[in-house]
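In: Coordinates only, no sequence provided:
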């Protein structure tokens, strides 16, 4: 039997080493080995080619921002929020594992987006709402007020 080679491989991680990356908004973002492992996957690397601002850069030339950059910022802010909550509300008992999970959720929150996906929100969302007539009343109310944000 021939085994197919995986599409990607993980490199061995140095668990005792944190890496920092520079960011225009947040100055410096620390990447732990687990974060770096996720960042090296093709799923997250794909976000480098997706523009966060859609076609805005055609009007404002300097308005360039990828979903990858955006996801790094969200990850950084999510981690900071968890650490502040842990410090100010110890009764919540936020563990390191909780911080990591929220941090990774922030990093991966845009994985399902395709190119120019928000441009089509005004087309697809109303069409889906129109096809979703057999909802219960409470579900219909939720669908009526739904936005992706």
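Out: Sure, I can see it. Treat the numbers as computed from the prediction; the structure is a model and nothing was measured.
In: use CA for all of it now, contacts and neighbours both
Out: OK.
In: quick check: mean pLDDT across the longest helix along the chain?
Out: Longest helix in the chain, counting residues (DSSP state H): helix 67-88. For helix 67-88, the mean pLDDT works out to 94.
In: Check which helices and strands that helix is in contact with.
Out: For helix 67-88, the packing partners by 3 or more C-alpha pairs under 8 Å, 6 or more residues apart in numbering; DSSP states H and E come out as strand 27-31, helix 96-108.
In: Run through who's touching the shortest one.
Out: The list of residues contacting strand 27-31 from outside it, by C-alpha atoms under 8 Å, 6 or more residues apart in numbering, reads 18, 19, 20, 21, 22, 23, 72, 76.
In: now the longest helix of the chain against helix 96-108, angle please.
Out: Computed by axes from the mean of the first three to the mean of the last three C-alpha atoms, to 10 degrees, the angle separating helix 67-88 from helix 96-108 equals 150 degrees.
In: Just the buried positions in helix 67-88, please.
Out: 67-79, 82-83, 85-86 (16 or more other C-alpha atoms under 10 Å).
In: Most tightly packed of the helices and strands packed on helix 67-88?
Out: Of the helices and strands packed on helix 67-88, the one with the most neighbours on average (mean count of other C-alpha atoms under 10 Å) is helix 96-108, at a mean of 18.
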